[in-house]
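Asker: sequence and predicted structure, then a few things I'm wondering about:
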Amino acid sequence: QLSRIVQLLLKIFECAQGDITGEARAAKALSQVLKRLNKCPDLPPRGSPGRLAVPWRPIYACLLRVQLRGATLESFAAGEADQIVGSEAAKFHYQSLLALARRARNFFPEGAAEEILDELRPYFCPHDERHFFRAAALLSWFLPDTMRDPAAVLAELAGVWDLVSHGHEWNLIWWTVFSRMARHNPREVVPAIQPVLPRLFDALLRTLGVPTGKASPSRPDHTAWPGDLAWLLEGRSAKKDSVRKFCRLAVYTLGPESATWGHMTTLLAYAAPFFHPLNEGDHTSSLLQLLSLLCLNYAKRVGVEAGRHTVKKPWSGGSRLTREDSERMVDMMLPLTVTAFASKDSSTQFLTSQGIKDLASVCPEKVTPKVLEMLLPALENVMRPHEVVGAIMLTSTMASQLLRVEGGLDMIGQILRLTVAGVDLNDPGKTMYTFRMLMSILSQVPLMDPADLPHGSPKPEMLYTLQEWVVEIVDRVFGVLDNVPSLKKGFYMGSVLSATLGRFFDAFMAQMSPTLRSLAVQRVSRRVAQSLSPPAQKYIGSIVDSVVFASPQEALKLLLPALCDKVAPNGVLNSSESEAVYYTHILGHCLRRAGPHSAPYAARIQQVLDCVVAHEDKAYYKQGQKLLRKYLKGLVEVNLADNRSLAPSRWDANGVIIGDYSASCGVQQTPADCAVAFKIPTQDCLAR
């Protein structure tokens, strides 16, 4: 079906010649369908008679005719080029055509690579700079991954790459081509690229911008890219993307017969002093990108070879990475990541924590003990707050690995207690990372009270501290909200709370056993009824929303009568405007996802609505109308019934884990284990 759709769109694309808008629309639709087709499991392999073939010349000719004003100077002089009126139309056209070329090259017919090279080879002359750069950029978009003699093609293209003084854009074009060839033709390309590796690593060192001596360093970014060809690199950061492509190239050329290991070791040994947080400069971000992407691509290749990751094109490497290779990679990269992790910059800490996570996925016995040594001392070191933030970020990324080691669950319990102080009004960044870390842990660790687990079942030590932790985290959050300033713009903490607080309490309440959930509901209800904090009403409302959704009957019993009495005691509107308006807002959040459970309180809710919805004072009727909307939403909206980390079959009727609790922590659910259920409005809800 998708192949037939592609054939139809190809006809439309060819018939639209001269209609620039029609060509662009057809090209955009074609790229989307080809992207979907390339992922179909029943797609015939390359070379089979049933595989769809997409011609490359119509796409190429359209780009030349419209964007480059004609394939030749003669055609442009003869007026054969189509002119575009308006920059937005031009941008839409070239974006659609380049996306189509990228998706369609997987379906080019046999021999297309040789035809494209024959078409562009005459322009590979550095004396005609504009046509030279244009041909190189078009080759990177159009050259397919399969060809008759990849080794010979690589040798030829490496010679072309050497013809120009290296610039970021120039390196990006050719490293993109080289990395694709090494990824999809490793048996032929990896041996052929060995003579080029010294020049590639030398060019990478200049791209990184690491100081190389007292003389002024070579600045590849001084080699300017023609402005009228900038659209061929649209949406790319040349320096960052060239480093990204090089990392993939380096990882996919690793092998027992490859010199990549030696060149990579030499490069990192030279760059090692510049990973220190006190030795920063323009090169810092590029070095960190190199570090994290080498770890990421290595972990991805190991996952592909082990069958843990699916890829669009089957991996057919000439050699597989061995256990010794992974240990060598960890020994080379881990000291650098640990050194860079001590930085005070949050971006550096994030990238290095991701690198540590990737290294732990390939060699956990070498990485995880090092992480365990770092975490608790860093969290306890209040005199160095940047280490606390770094440890919180590392825990967020490494939670699943920590749960797999012996004693990891008890260590997570200690981390939960230590990171309560991470919710800090004076440090929005630390607060955001703390909530993210807690959500990462809660997505894998159900919170069970020991009294709820069956008699005789194993109960880890960390369970006996959860009641205190629940009280501490609720009080800490409300303590922060009670001091939120009345700022509507420029208040960074407000955006942090809006983005994380509601999602955290959804996960926090959903993962609890009945005893802990009841404790949390009572604590939240008491704090809501006792405090009045109009600047934080939105954030407190999101907490109330999550509490009612997780335990509707108990939460409504504790909250709704008290809130109604705050707004309209005995059916008469509260004389204090600020108090009545505030609690009307909180009452709306209380009803937003209450559903049929609000039925016993319908008469009391109606009394409040009668007092505020049609009030003559704007402050009252504005909140009253919001209350009415949220009440109606709570009655008729469809919501997820369950958002716990384990499948419903793993919980009993009371919401307690079935089986060994420790074995239920850190479990990665497969799609087959998941069951999605919804809360549907009842007839009573619709009638109300």
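Answerer: In hand now; what should we look at? The structure presented is a predicted model; accordingly, all values stated were derived computationally and were not measured.

Asker: if you count neighbours, what's buried in stretch 15-26?
Answerer: 16, 20, 23-26 (16 or more other Cβ atoms under 10 Å). For glycine as for every other residue, the C-beta is placed from the backbone atoms N, C-alpha and C.

Asker: no no, stretch 107-117
Answerer: 107-108, 112-113, 116-117.

Asker: export it as PDB, just CAs?
Answerer: Taking C-alpha atoms only, stretch 107-117 is exported to PDB below (Å, rounded to 0.1, in the frame of the first residue of the first chain):
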ATOM      1  CA  PHE A 107      15.300   3.400  -2.700                       C
ATOM      2  CA  PHE A 108      17.500   4.600  -5.600                       C
ATOM      3  CA  PRO A 109      17.900   1.900  -8.200                       C
ATOM      4  CA  GLU A 110      21.100  -0.200  -8.600                       C
ATOM      5  CA  GLY A 111      23.900   1.800 -10.200                       C
ATOM      6  CA  ALA A 112      22.600   5.100  -9.000                       C
ATOM      7  CA  ALA A 113      25.700   5.800  -6.900                       C
ATOM      8  CA  GLU A 114      27.900   5.500 -10.000                       C
ATOM      9  CA  GLU A 115      25.500   7.700 -12.100                       C
ATOM     10  CA  ILE A 116      25.500  10.400  -9.400                       C
ATOM     11  CA  LEU A 117      29.300  10.300  -9.200                       C
END
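
Asker: please compute how far it lies from its chain's middle.
Answerer: 35 Å (Cα atoms, centre = their mean, to the nearest Å).

Asker: quick check: mean pLDDT of that stretch?
Answerer: Stretch 107-117 shows a mean pLDDT of 92.

Asker: which other helices and strands does the helix or strand harbouring residue 6 contact?
Answerer: Assigned by DSSP states H and E, residue 6 falls within helix 2-15. Counting contacts by 3 or more Cβ pairs under 8 Å, 6 or more residues apart in numbering; DSSP states H and E, helix 2-15 is packed against helix 20-38, helix 57-66.

Asker: any idea of the mean pLDDT for the last one?
Answerer: This points to helix 57-66. 87.

Asker: and the strands in this protein?
Answerer: 639-640, 678-679 (DSSP state E).

Asker: and the first one, how far from the chain's centre?
Answerer: If I follow you right, that is strand 639-640. For strand 639-640, the distance to the chain centre is 24 Å (Cα atoms, centre = their mean).

Asker: next, the buried residues of stretch 600-609.
Answerer: Buried-residue list, stretch 600-609, by 16+ other Cβ under 10 Å: 601, 604-605, 608-609.

Asker: cool, and stretch 550-569?
Answerer: 550-552, 554-560, 562-564, 566-568.

Asker: how about stretch 2-16?
Answerer: Residues of stretch 2-16 classed as buried: 3, 6, 9-10, 12-13, 16 (neighbour count, 16+ other Cβ under 10 Å).

Asker: farthest pair within the buried residues of stretch 600-609?
Answerer: The distance between the two most remote of these (Cβ to Cβ) is 11.9 Å, for 601 and 609.

Asker: thinking again about what came up before, let me have the helices and strands packed on helix 2-15 in a markdown table, extended by distance to residue 596.
Answerer: Converted to a markdown table, those look like this (distance: least, Cβ to Cβ, whole Å):
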| stretch | distance to residue 596 |
| --- | --- |
| helix 20-38 | 41 |
| helix 57-66 | 57 |
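
Asker: do you know which of those helices lies nearest residue 506?
Answerer: With respect to residue 506, and counting by Cβ to Cβ, the nearest of the helices and strands packed on helix 2-15 is helix 20-38 at 32.5 Å.

Asker: for the closest one, packing partners?
Answerer: Looks like helix 20-38 contacts helix 2-15, helix 57-66, helix 87-104 (3+ Cβ pairs under 8 Å, 6+ apart).

Asker: redo the ones you listed as TSV? Include distance to residue 637.
Answerer: Formatted as TSV, these follow (distance: least, Cβ to Cβ, whole Å):
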stretch	distance to residue 637
helix 2-15	35
helix 57-66	46
helix 87-104	37
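
Asker: quick one, which of the ones you listed gets closest to residue 439.
Answerer: helix 87-104 (34.6 Å).

Asker: now do that closest one: which elements does it pack against?
Answerer: helix 20-38, helix 57-66, helix 129-142.

Asker: taking helix 20-38 as reference, get the angle to that helix.
Answerer: 30 degrees (axes from the mean of the first three to the mean of the last three Cα atoms, to 10 degrees).

Asker: quick one: helix 87-104 to chain centroid distance?
Answerer: 25 Å.

Asker: what's in contact with that helix?
Answerer: 20-21, 23-25, 27-28, 30-31, 34-35, 38, 54, 56, 59-60, 62-63, 66-67, 84, 141-142, 231-232, 234 (Cβ atoms under 8 Å, 6 or more residues apart in numbering).
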